[in-house]
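Novice: Predicted model and sequence follow; I will ask about them next.
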Amino acid sequence: MDPLRPEAAGAPSIGGAPVAPDLSELLKLSARGDQGAFAVLYDAMAARVYGLAVRVVRDPAQAEEVTQEAFLEIWRMASRYDVERGSATAWMLTIVHRKAVDRVRSAEAATRRDTTYHSQNQAVDHDSTADAAHASLEARRVRAALHSLTAVQREALELAYFGGYTHTEVATMLDLPVGTAKTRIRDGLIRLRDTMGVGA
Amino acid sequence: MSSDIHALSGAYAVDALDDIERAQFERHLAECDTCRSEVDSLLEASGVLAEAVFLAPPAALRDRVLAGIETVRPLPPVVAPVVSLDTVRRKRRFPALVAAAAVVTLIGAGVAVTQPWQDETTQITLSAADRVLQAPDAETWTKSPVTGGTIKVTRSRSLNQAVVEAKGLATLPDGKTYALWLQHDGVMIPAGLLSGEGSLPVVLEGDPGSAEATAVSIEPASGSLHPTTFPIATFEFEQV
(Lines give C-alpha, C1' and ligand atoms only; values in the text may rest on other atoms or scores of the structure.)
Protein backbone atom coordinates (compact mmCIF):
# COMPACT_ATOMS: atom_id res chain seq x y z
CA MET A 1 0.00 0.00 0.00
CA ASP A 2 1.35 3.39 -0.93
CA PRO A 3 1.83 5.89 1.83
CA LEU A 4 -1.06 8.24 2.06
CA ARG A 5 -0.63 11.69 0.76
CA PRO A 6 -0.31 14.40 3.36
CA GLU A 7 -3.59 15.77 4.60
CA ALA A 8 -4.95 18.66 2.66
CA ALA A 9 -5.63 20.72 5.73
CA GLY A 10 -8.35 23.26 6.08
CA ALA A 11 -5.91 25.94 7.10
CA PRO A 12 -4.86 28.24 4.31
CA SER A 13 -2.12 26.46 2.50
CA ILE A 14 -0.73 29.02 0.14
CA GLY A 15 1.40 32.03 0.92
CA GLY A 16 3.16 31.95 4.28
CA ALA A 17 4.04 28.79 6.16
CA PRO A 18 1.01 26.55 6.28
CA VAL A 19 0.21 25.40 9.75
CA ALA A 20 -1.66 22.31 8.74
CA PRO A 21 -3.35 20.67 11.69
CA ASP A 22 -2.90 16.92 11.74
CA LEU A 23 -6.49 15.84 11.33
CA SER A 24 -5.99 12.25 12.34
CA GLU A 25 -4.29 13.40 15.54
CA LEU A 26 -7.20 15.75 16.20
CA LEU A 27 -9.60 12.85 15.71
CA LYS A 28 -7.62 10.80 18.19
CA LEU A 29 -7.77 13.59 20.76
CA SER A 30 -11.49 14.06 20.08
CA ALA A 31 -12.06 10.38 20.77
CA ARG A 32 -10.67 11.04 24.24
CA GLY A 33 -13.17 13.83 24.73
CA ASP A 34 -10.87 16.75 23.97
CA GLN A 35 -13.33 19.46 22.93
CA GLY A 36 -10.57 21.95 22.16
CA ALA A 37 -9.07 19.57 19.62
CA PHE A 38 -12.50 19.08 18.12
CA ALA A 39 -12.93 22.84 17.76
CA VAL A 40 -9.69 22.97 15.76
CA LEU A 41 -10.96 20.06 13.69
CA TYR A 42 -14.22 21.90 13.10
CA ASP A 43 -12.40 24.99 11.90
CA ALA A 44 -10.28 22.92 9.54
CA MET A 45 -13.22 21.02 8.07
CA ALA A 46 -16.29 23.25 8.38
CA ALA A 47 -16.13 24.84 4.93
CA ARG A 48 -15.62 21.49 3.25
CA VAL A 49 -18.39 19.84 5.23
CA TYR A 50 -20.89 22.64 4.80
CA GLY A 51 -19.95 23.13 1.16
CA LEU A 52 -20.63 19.48 0.45
CA ALA A 53 -23.87 19.52 2.42
CA VAL A 54 -25.14 22.59 0.54
CA ARG A 55 -24.17 21.11 -2.77
CA VAL A 56 -26.13 17.92 -2.08
CA VAL A 57 -29.19 19.11 -0.13
CA ARG A 58 -29.34 22.61 -1.70
CA ASP A 59 -31.38 24.19 1.06
CA PRO A 60 -29.00 26.15 3.36
CA ALA A 61 -31.06 25.55 6.50
CA GLN A 62 -31.08 21.81 5.89
CA ALA A 63 -27.42 21.89 4.98
CA GLU A 64 -26.72 23.42 8.37
CA GLU A 65 -28.61 20.59 10.05
CA VAL A 66 -26.73 18.01 8.05
CA THR A 67 -23.45 19.71 8.94
CA GLN A 68 -24.33 19.70 12.60
CA GLU A 69 -25.42 16.06 12.55
CA ALA A 70 -22.30 15.07 10.68
CA PHE A 71 -19.98 16.79 13.13
CA LEU A 72 -21.74 15.18 16.07
CA GLU A 73 -21.31 11.83 14.37
CA ILE A 74 -17.63 12.53 13.73
CA TRP A 75 -17.21 13.38 17.41
CA ARG A 76 -19.05 10.26 18.48
CA MET A 77 -17.30 7.94 16.04
CA ALA A 78 -13.81 9.46 16.24
CA SER A 79 -12.33 6.38 17.89
CA ARG A 80 -13.42 4.26 14.94
CA TYR A 81 -11.32 6.14 12.44
CA ASP A 82 -8.54 3.85 11.24
CA VAL A 83 -5.54 5.64 9.82
CA GLU A 84 -4.49 2.45 8.04
CA ARG A 85 -7.55 2.57 5.87
CA GLY A 86 -7.54 6.10 4.58
CA SER A 87 -7.18 9.79 5.26
CA ALA A 88 -9.06 11.53 8.05
CA THR A 89 -10.54 13.92 5.51
CA ALA A 90 -12.03 11.13 3.41
CA TRP A 91 -13.38 9.41 6.52
CA MET A 92 -15.13 12.57 7.68
CA LEU A 93 -16.45 13.49 4.24
CA THR A 94 -17.86 9.99 3.85
CA ILE A 95 -19.91 10.54 7.00
CA VAL A 96 -21.06 13.94 5.77
CA HIS A 97 -21.98 12.65 2.35
CA ARG A 98 -24.01 9.76 3.72
CA LYS A 99 -25.91 12.15 5.99
CA ALA A 100 -26.59 14.53 3.12
CA VAL A 101 -27.79 11.76 0.83
CA ASP A 102 -29.98 10.28 3.55
CA ARG A 103 -31.47 13.72 3.99
CA VAL A 104 -32.38 14.25 0.33
CA ARG A 105 -33.78 10.75 0.01
CA SER A 106 -35.98 11.00 3.07
CA ALA A 107 -37.08 14.48 2.05
CA GLU A 108 -37.99 13.07 -1.31
CA ALA A 109 -40.04 10.33 0.32
CA ALA A 110 -41.82 12.92 2.45
CA THR A 111 -42.57 15.08 -0.57
CA ARG A 112 -43.99 12.13 -2.43
CA ARG A 113 -46.31 11.46 0.47
CA ASP A 114 -47.43 15.01 0.97
CA THR A 115 -47.48 16.87 -2.30
CA THR A 116 -48.75 20.04 -0.71
CA TYR A 117 -45.45 20.52 1.04
CA HIS A 118 -43.41 23.28 -0.48
CA SER A 119 -40.20 24.68 0.77
CA GLN A 120 -39.12 28.02 -0.47
CA ASN A 121 -35.42 27.55 -0.80
CA GLN A 122 -33.25 30.53 -0.45
CA ALA A 123 -30.46 30.74 -2.91
CA VAL A 124 -27.08 30.20 -1.38
CA ASP A 125 -24.64 32.97 -1.85
CA HIS A 126 -21.84 30.97 -3.38
CA ASP A 127 -19.60 34.00 -3.38
CA SER A 128 -19.44 33.97 0.38
CA THR A 129 -16.81 31.25 0.21
CA ALA A 130 -14.47 32.13 2.98
CA ASP A 131 -11.59 29.98 2.04
CA ALA A 132 -10.95 31.50 -1.32
CA ALA A 133 -7.28 30.72 -1.04
CA HIS A 134 -7.91 27.03 -0.61
CA ALA A 135 -10.65 27.01 -3.17
CA SER A 136 -8.50 28.57 -5.83
CA LEU A 137 -5.65 26.15 -5.33
CA GLU A 138 -7.08 22.79 -4.39
CA ALA A 139 -10.31 23.23 -6.31
CA ARG A 140 -8.39 24.06 -9.43
CA ARG A 141 -6.48 20.82 -9.04
CA VAL A 142 -9.72 18.94 -8.56
CA ARG A 143 -11.30 20.56 -11.55
CA ALA A 144 -8.28 19.64 -13.62
CA ALA A 145 -8.60 16.07 -12.40
CA LEU A 146 -12.29 16.05 -13.22
CA HIS A 147 -11.41 17.06 -16.73
CA SER A 148 -9.31 13.94 -17.04
CA LEU A 149 -12.56 11.98 -16.88
CA THR A 150 -14.59 11.32 -19.96
CA ALA A 151 -17.68 13.48 -20.23
CA VAL A 152 -19.95 10.50 -19.58
CA GLN A 153 -17.97 9.43 -16.50
CA ARG A 154 -18.08 12.93 -15.10
CA GLU A 155 -21.78 13.25 -15.76
CA ALA A 156 -22.62 10.00 -13.99
CA LEU A 157 -20.27 10.69 -11.09
CA GLU A 158 -21.60 14.21 -10.49
CA LEU A 159 -25.22 13.09 -10.57
CA ALA A 160 -24.41 10.39 -8.05
CA TYR A 161 -22.13 12.31 -5.74
CA PHE A 162 -23.58 15.81 -5.83
CA GLY A 163 -27.08 14.93 -6.93
CA GLY A 164 -27.46 12.15 -4.38
CA TYR A 165 -29.09 9.87 -6.97
CA THR A 166 -28.73 6.11 -6.97
CA HIS A 167 -26.91 4.52 -9.87
CA THR A 168 -30.23 3.13 -11.11
CA GLU A 169 -31.72 6.62 -11.09
CA VAL A 170 -28.62 7.96 -12.81
CA ALA A 171 -28.97 5.31 -15.50
CA THR A 172 -32.58 6.31 -16.10
CA MET A 173 -31.76 10.01 -16.15
CA LEU A 174 -29.03 9.46 -18.71
CA ASP A 175 -31.00 6.93 -20.77
CA LEU A 176 -28.44 4.25 -20.03
CA PRO A 177 -29.06 0.54 -19.64
CA VAL A 178 -29.20 -0.38 -15.96
CA GLY A 179 -25.73 -1.40 -14.92
CA THR A 180 -23.95 1.08 -17.13
CA ALA A 181 -24.12 3.96 -14.71
CA LYS A 182 -22.47 2.03 -11.89
CA THR A 183 -19.62 1.13 -14.22
CA ARG A 184 -19.16 4.75 -15.24
CA ILE A 185 -19.21 5.88 -11.64
CA ARG A 186 -16.60 3.30 -10.70
CA ASP A 187 -14.41 4.00 -13.72
CA GLY A 188 -14.65 7.73 -13.06
CA LEU A 189 -13.65 7.33 -9.43
CA ILE A 190 -10.75 5.08 -10.35
CA ARG A 191 -9.47 7.60 -12.84
CA LEU A 192 -9.94 10.44 -10.39
CA ARG A 193 -8.10 8.46 -7.74
CA ASP A 194 -5.20 7.73 -10.06
CA THR A 195 -5.03 11.28 -11.40
CA MET A 196 -5.07 12.83 -7.94
CA GLY A 197 -2.73 10.17 -6.57
CA VAL A 198 -4.93 9.40 -3.58
CA GLY A 199 -5.89 6.14 -1.99
CA ALA A 200 -4.12 2.86 -2.10
CA MET B 1 -22.78 -12.90 -8.97
CA SER B 2 -19.60 -11.98 -7.15
CA SER B 3 -18.06 -10.15 -10.10
CA ASP B 4 -21.33 -8.35 -10.54
CA ILE B 5 -21.49 -7.23 -6.95
CA HIS B 6 -17.85 -6.20 -7.12
CA ALA B 7 -18.85 -3.63 -9.74
CA LEU B 8 -20.92 -1.84 -7.11
CA SER B 9 -17.80 -0.56 -5.32
CA GLY B 10 -17.88 2.84 -7.02
CA ALA B 11 -21.58 3.39 -6.49
CA TYR B 12 -21.12 2.35 -2.86
CA ALA B 13 -18.31 4.87 -2.38
CA VAL B 14 -20.57 7.70 -3.50
CA ASP B 15 -23.67 6.45 -1.65
CA ALA B 16 -25.42 5.66 -4.92
CA LEU B 17 -26.87 2.33 -3.82
CA ASP B 18 -30.38 1.87 -2.57
CA ASP B 19 -30.81 0.34 0.88
CA ILE B 20 -31.10 -3.22 -0.36
CA GLU B 21 -28.03 -3.03 -2.58
CA ARG B 22 -26.12 -1.31 0.16
CA ALA B 23 -26.88 -4.13 2.56
CA GLN B 24 -25.91 -6.72 -0.03
CA PHE B 25 -22.71 -4.94 -0.84
CA GLU B 26 -21.78 -4.52 2.81
CA ARG B 27 -22.29 -8.22 3.29
CA HIS B 28 -19.97 -8.78 0.37
CA LEU B 29 -17.45 -6.28 1.76
CA ALA B 30 -17.22 -8.21 4.98
CA GLU B 31 -15.80 -11.16 3.11
CA CYS B 32 -13.94 -9.55 0.20
CA ASP B 33 -10.62 -7.90 1.01
CA THR B 34 -10.16 -6.80 -2.58
CA CYS B 35 -13.40 -4.89 -2.58
CA ARG B 36 -12.69 -3.40 0.80
CA SER B 37 -9.39 -1.94 -0.23
CA GLU B 38 -10.87 -0.76 -3.49
CA VAL B 39 -13.69 0.96 -1.62
CA ASP B 40 -11.18 2.57 0.73
CA SER B 41 -9.27 4.00 -2.20
CA LEU B 42 -12.43 5.14 -3.99
CA LEU B 43 -13.60 6.89 -0.82
CA GLU B 44 -10.39 8.90 -0.99
CA ALA B 45 -11.26 9.82 -4.56
CA SER B 46 -14.83 10.76 -3.74
CA GLY B 47 -13.55 12.90 -0.87
CA VAL B 48 -11.50 14.79 -3.41
CA LEU B 49 -14.70 15.82 -5.19
CA ALA B 50 -15.71 17.74 -2.09
CA GLU B 51 -12.58 19.87 -2.39
CA ALA B 52 -14.29 21.76 -5.16
CA VAL B 53 -17.26 22.87 -3.10
CA PHE B 54 -15.83 24.89 -0.23
CA LEU B 55 -18.40 27.10 1.46
CA ALA B 56 -18.04 28.75 4.83
CA PRO B 57 -20.95 27.93 7.13
CA PRO B 58 -22.68 30.60 9.20
CA ALA B 59 -20.63 31.45 12.28
CA ALA B 60 -23.44 30.47 14.64
CA LEU B 61 -23.19 26.87 13.47
CA ARG B 62 -19.82 26.52 15.15
CA ASP B 63 -21.32 27.36 18.53
CA ARG B 64 -24.17 24.93 18.01
CA VAL B 65 -21.84 22.10 17.05
CA LEU B 66 -19.48 22.73 19.93
CA ALA B 67 -22.38 22.99 22.36
CA GLY B 68 -23.80 19.82 20.87
CA ILE B 69 -20.76 17.67 21.48
CA GLU B 70 -20.84 18.46 25.16
CA THR B 71 -23.86 16.24 25.46
CA VAL B 72 -22.49 13.36 23.39
CA ARG B 73 -20.10 10.77 24.70
CA PRO B 74 -17.52 9.59 22.17
CA LEU B 75 -17.77 5.87 21.51
CA PRO B 76 -15.04 3.67 22.90
CA PRO B 77 -12.51 2.28 20.44
CA VAL B 78 -13.06 -1.18 19.04
CA VAL B 79 -10.98 -3.52 21.10
CA ALA B 80 -9.92 -6.73 19.44
CA PRO B 81 -11.41 -9.56 21.43
CA VAL B 82 -8.96 -12.00 22.93
CA VAL B 83 -9.61 -15.27 21.17
CA SER B 84 -7.67 -18.47 21.03
CA LEU B 85 -6.11 -19.53 17.76
CA ASP B 86 -8.46 -22.44 17.75
CA THR B 87 -11.46 -20.14 17.68
CA VAL B 88 -9.95 -18.12 14.87
CA ARG B 89 -9.38 -21.25 12.82
CA ARG B 90 -12.88 -22.44 13.40
CA LYS B 91 -14.24 -19.04 12.40
CA ARG B 92 -12.21 -19.00 9.22
CA ARG B 93 -13.83 -22.16 8.11
CA PHE B 94 -17.17 -20.38 7.89
CA PRO B 95 -16.28 -16.90 6.73
CA ALA B 96 -19.38 -16.50 4.65
CA LEU B 97 -21.58 -17.51 7.51
CA VAL B 98 -19.92 -15.13 9.91
CA ALA B 99 -20.06 -12.29 7.43
CA ALA B 100 -23.67 -12.94 6.65
CA ALA B 101 -24.52 -12.90 10.31
CA ALA B 102 -22.72 -9.61 10.75
CA VAL B 103 -24.77 -7.95 8.06
CA VAL B 104 -27.99 -9.52 9.10
CA THR B 105 -27.59 -8.17 12.58
CA LEU B 106 -26.48 -4.84 11.23
CA ILE B 107 -29.71 -4.52 9.33
CA GLY B 108 -31.65 -6.08 12.12
CA ALA B 109 -30.63 -3.48 14.59
CA GLY B 110 -31.96 -0.82 12.27
CA VAL B 111 -28.85 1.21 12.71
CA ALA B 112 -28.18 3.88 10.15
CA VAL B 113 -24.66 3.03 9.16
CA THR B 114 -22.86 6.24 8.61
CA GLN B 115 -19.36 5.09 9.33
CA PRO B 116 -17.52 3.93 6.26
CA TRP B 117 -15.38 1.52 8.17
CA GLN B 118 -18.18 -0.09 10.00
CA ASP B 119 -17.06 -3.67 9.75
CA GLU B 120 -15.15 -3.61 12.99
CA THR B 121 -18.08 -2.19 14.85
CA THR B 122 -20.72 -4.56 13.59
CA GLN B 123 -19.48 -7.46 15.61
CA ILE B 124 -19.38 -5.66 18.91
CA THR B 125 -22.42 -3.45 18.78
CA LEU B 126 -24.88 -5.07 16.46
CA SER B 127 -25.95 -8.56 17.20
CA ALA B 128 -29.47 -7.96 18.37
CA ALA B 129 -31.23 -10.08 15.73
CA ASP B 130 -28.97 -13.04 16.33
CA ARG B 131 -29.38 -12.81 20.06
CA VAL B 132 -33.15 -12.99 19.67
CA LEU B 133 -33.09 -15.79 17.12
CA GLN B 134 -30.80 -17.83 19.35
CA ALA B 135 -32.43 -16.98 22.67
CA PRO B 136 -33.34 -20.02 24.76
CA ASP B 137 -36.87 -18.74 25.24
CA ALA B 138 -37.37 -17.77 21.58
CA GLU B 139 -40.95 -18.36 20.37
CA THR B 140 -41.81 -18.23 16.69
CA TRP B 141 -44.95 -17.62 14.67
CA THR B 142 -45.22 -17.83 10.88
CA LYS B 143 -47.92 -16.50 8.58
CA SER B 144 -48.46 -16.27 4.84
CA PRO B 145 -50.21 -13.05 3.88
CA VAL B 146 -52.68 -13.27 1.00
CA THR B 147 -50.50 -10.78 -0.85
CA GLY B 148 -47.82 -13.48 -1.04
CA GLY B 149 -44.69 -14.62 0.78
CA THR B 150 -44.21 -15.57 4.40
CA ILE B 151 -43.53 -13.60 7.55
CA LYS B 152 -41.89 -15.15 10.56
CA VAL B 153 -41.82 -13.49 13.95
CA THR B 154 -39.44 -14.62 16.66
CA ARG B 155 -39.80 -13.19 20.13
CA SER B 156 -37.69 -13.57 23.23
CA ARG B 157 -39.56 -12.44 26.29
CA SER B 158 -36.42 -12.45 28.43
CA LEU B 159 -34.69 -10.11 26.00
CA ASN B 160 -37.87 -8.10 25.45
CA GLN B 161 -37.10 -8.20 21.75
CA ALA B 162 -38.60 -9.63 18.61
CA VAL B 163 -37.32 -10.17 15.09
CA VAL B 164 -39.32 -10.21 11.89
CA GLU B 165 -38.08 -12.20 8.93
CA ALA B 166 -39.96 -11.92 5.66
CA LYS B 167 -39.57 -13.93 2.50
CA GLY B 168 -41.01 -13.37 -0.94
CA LEU B 169 -43.32 -10.52 -0.02
CA ALA B 170 -44.94 -8.74 -2.92
CA THR B 171 -42.92 -5.86 -4.33
CA LEU B 172 -44.57 -2.61 -3.34
CA PRO B 173 -44.99 0.44 -5.55
CA ASP B 174 -42.66 3.38 -5.01
CA GLY B 175 -43.45 5.28 -1.86
CA LYS B 176 -44.90 2.27 -0.02
CA THR B 177 -43.30 0.08 2.57
CA TYR B 178 -44.13 -2.72 4.95
CA ALA B 179 -44.55 -1.25 8.42
CA LEU B 180 -44.30 -3.16 11.69
CA TRP B 181 -46.52 -2.63 14.71
CA LEU B 182 -46.76 -3.72 18.30
CA GLN B 183 -50.09 -3.74 20.05
CA HIS B 184 -50.26 -2.51 23.64
CA ASP B 185 -53.64 -2.16 25.38
CA GLY B 186 -55.35 -2.58 22.04
CA VAL B 187 -53.40 0.24 20.39
CA MET B 188 -50.96 -0.32 17.52
CA ILE B 189 -47.66 1.44 18.06
CA PRO B 190 -45.06 1.85 15.28
CA ALA B 191 -42.27 -0.72 15.62
CA GLY B 192 -40.19 -0.05 12.52
CA LEU B 193 -40.19 -0.73 8.80
CA LEU B 194 -39.34 -3.76 6.74
CA SER B 195 -36.85 -2.58 4.17
CA GLY B 196 -37.57 -3.67 0.64
CA GLU B 197 -39.07 -7.10 0.31
CA GLY B 198 -37.65 -7.83 3.74
CA SER B 199 -35.22 -10.61 3.06
CA LEU B 200 -33.23 -9.70 6.15
CA PRO B 201 -34.30 -9.92 9.78
CA VAL B 202 -35.55 -6.74 11.37
CA VAL B 203 -35.52 -6.17 15.09
CA LEU B 204 -38.75 -4.59 16.28
CA GLU B 205 -38.55 -1.29 18.09
CA GLY B 206 -40.44 -1.07 21.34
CA ASP B 207 -41.36 -3.62 23.99
CA PRO B 208 -42.36 -6.88 22.35
CA GLY B 209 -42.05 -8.61 25.72
CA SER B 210 -45.20 -6.99 27.02
CA ALA B 211 -47.02 -6.48 23.71
CA GLU B 212 -50.24 -8.32 22.98
CA ALA B 213 -49.55 -8.73 19.29
CA THR B 214 -47.45 -7.60 16.39
CA ALA B 215 -48.69 -6.78 12.91
CA VAL B 216 -47.43 -5.88 9.46
CA SER B 217 -49.22 -3.42 7.21
CA ILE B 218 -48.53 -1.53 4.00
CA GLU B 219 -47.83 2.14 4.64
CA PRO B 220 -46.28 5.20 3.02
CA ALA B 221 -42.50 4.79 2.85
CA SER B 222 -41.99 7.58 5.33
CA GLY B 223 -44.02 5.71 7.94
CA SER B 224 -47.31 6.28 9.71
CA LEU B 225 -48.26 6.88 13.32
CA HIS B 226 -51.11 4.36 13.10
CA PRO B 227 -51.84 1.64 10.57
CA THR B 228 -53.67 3.25 7.66
CA THR B 229 -54.39 -0.08 5.99
CA PHE B 230 -55.66 -3.39 7.30
CA PRO B 231 -52.63 -5.45 8.41
CA ILE B 232 -51.54 -8.16 5.97
CA ALA B 233 -50.52 -10.28 8.96
CA THR B 234 -51.22 -10.16 12.69
CA PHE B 235 -49.48 -12.32 15.27
CA GLU B 236 -51.00 -12.66 18.71
CA PHE B 237 -48.53 -13.19 21.49
CA GLU B 238 -49.33 -15.45 24.38
CA GLN B 239 -49.78 -13.43 27.51
CA VAL B 240 -48.07 -14.40 30.72
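Specialist: Looks like it came in fine. Numbering: from 1, shown residues only, chains lettered A, B, ... in the order given.
Novice: longest helix of chain B?
Specialist: helix B:33-49 (DSSP state H).
Novice: So what touches the helix or strand that it is followed by?
Specialist: Where DSSP states H and E defines the elements, the next helix or strand beyond helix B:33-49 is helix B:59-69. Residues lying outside helix B:59-69 but in contact with it, judged by C-beta atoms under 8 Å, 6 or more residues apart in numbering or on different chains, are A:35, A:38-39, A:42-43, A:46, A:50, A:64, A:67-68, A:71-72, A:75. C-betas here are computed from N, CA, C, even on glycine.
Novice: Make TSV out of these and add secondary structure, pLDDT and distance to chain B.
Specialist: Converted to TSV, those look like this (DSSP: H, G, I helix; E, B strand; the rest coil; pLDDT from 0 to 100; distance: C-beta to the nearest C-beta, whole Å):
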residue	secondary structure	pLDDT	distance to chain B
A:Q35	helix	96	6
A:F38	helix	97	6
A:A39	helix	97	6
A:Y42	helix	97	6
A:D43	helix	96	8
A:A46	helix	96	5
A:Y50	helix	96	4
A:E64	helix	96	6
A:T67	helix	97	6
A:Q68	helix	97	5
A:F71	helix	97	5
A:L72	helix	96	5
A:W75	helix	97	5
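Novice: least trustworthy helix or strand in chain A by mean pLDDT?
Specialist: Every helix and strand in chain A was compared by mean pLDDT, DSSP states H and E; the lowest is helix A:132-134, with a mean of 49.
Novice: quick one on the thing from earlier: and the longest helix of chain B, what's buried?
Specialist: B:35-49 (16 or more other C-beta atoms under 10 Å in any protein chain shown).
Novice: quick revisit: please identify which of the contacts of helix B:59-69 is nearest to A:A145.
Specialist: Nearest to A:A145 among those: A:Y50, at 22.2 Å, using C-beta to C-beta.
Novice: Run through the buried residues of helix B:33-49 and flag the ones next to chain A.
Specialist: For chain A, the contacts drawn from these by C-beta under 8 Å from any C-beta of the partner chain are B:S37, B:D40, B:S41, B:L42, B:L43, B:E44, B:A45, B:S46, B:G47, B:V48, B:L49.
Novice: Contacts (any at all) between chain B and stretch A:81-89?
Specialist: Yes - judged by C-beta under 8 Å from any C-beta, stretch A:81-89 and chain B are in contact via A:Y81, A:D82, A:R85, A:G86, A:S87, A:T89.
Novice: Could you check how far A:D82 is from A:T89?
Specialist: Relative to A:T89, A:D82 is positioned 14 Å away (C-beta to C-beta, to the nearest Å).
Novice: now B:A23
Specialist: Counting by C-beta to C-beta - B:A23 and A:T89 are separated by 27 Å.
Novice: Counting by contacts, list what the helix or strand A:M77 falls within packs against.
Specialist: Per DSSP H and E: A:M77 is located in helix A:60-77. Where contact means 3 or more C-beta pairs under 8 Å, 6 or more residues apart in numbering or on different chains; DSSP states H and E, helix A:60-77 is packed against helix A:23-31, helix A:35-57, helix A:88-113, helix B:59-69.
Novice: So for B:Y178, which of those helices sits nearest?
Specialist: Of all the helices and strands packed on helix A:60-77, helix A:88-113 sits nearest to B:Y178, with 14.5 Å by C-beta to C-beta.
Novice: State the mean pLDDT of the closest one.
Specialist: The predicted model assigns helix A:88-113 a mean pLDDT of 88.
Novice: could you say what helices and strands that helix packs with?
Specialist: Packing partners of helix A:88-113 (3+ C-beta pairs under 8 Å, 6+ apart): helix A:23-31, helix A:35-57, helix A:60-77, helix B:33-49.
Novice: which residues sit in contact with B:T234?
Specialist: Listed by C-beta under 8 Å, 6+ apart, the contact set of B:T234 reads B:K143, B:A213, B:T214, B:A215, B:V216.
Novice: if we go to 6 Å?
Specialist: Counting by C-beta atoms under 6 Å, 6 or more residues apart in numbering or on different chains, B:T234 makes contact with B:A213, B:A215.
Novice: Okay, it and chain A: tell me how far apart.
Specialist: 24 Å (C-beta to the nearest C-beta, to the nearest Å).
Novice: Show the pLDDT at B:P116.
Specialist: Reported pLDDT for B:P116: 48.
Novice: One more: B:G149?
Specialist: With respect to pLDDT, B:G149 scores 83.
Novice: what about it, how many neighbours?
Specialist: Applying other C-beta atoms under 10 Å in any protein chain shown, we find 17 residues neighbouring B:G149.
Novice: That one contacts B:L169, correct?
Specialist: Yes - under the contact definition of C-beta atoms under 6 Å, B:G149 touches B:L169, with a separation of 3.9 Å.
Novice: Next, count neighbours for A:R105.
Specialist: A:R105 has 17 neighbouring residues, counting by other C-beta under 10 Å.
Novice: Which residue is the nearest non-sequential neighbour of it?
Specialist: Closest residue to A:R105 in three dimensions, ignoring its sequence neighbours and counting by C-beta to C-beta, 6 or more residues apart in numbering or on different chains: A:G164, at 6.9 Å.
Novice: How about B:A213?
Specialist: Among residues not flanking B:A213 along the chain, B:Q183 sits closest, at 4.2 Å (C-beta to C-beta, 6+ apart).
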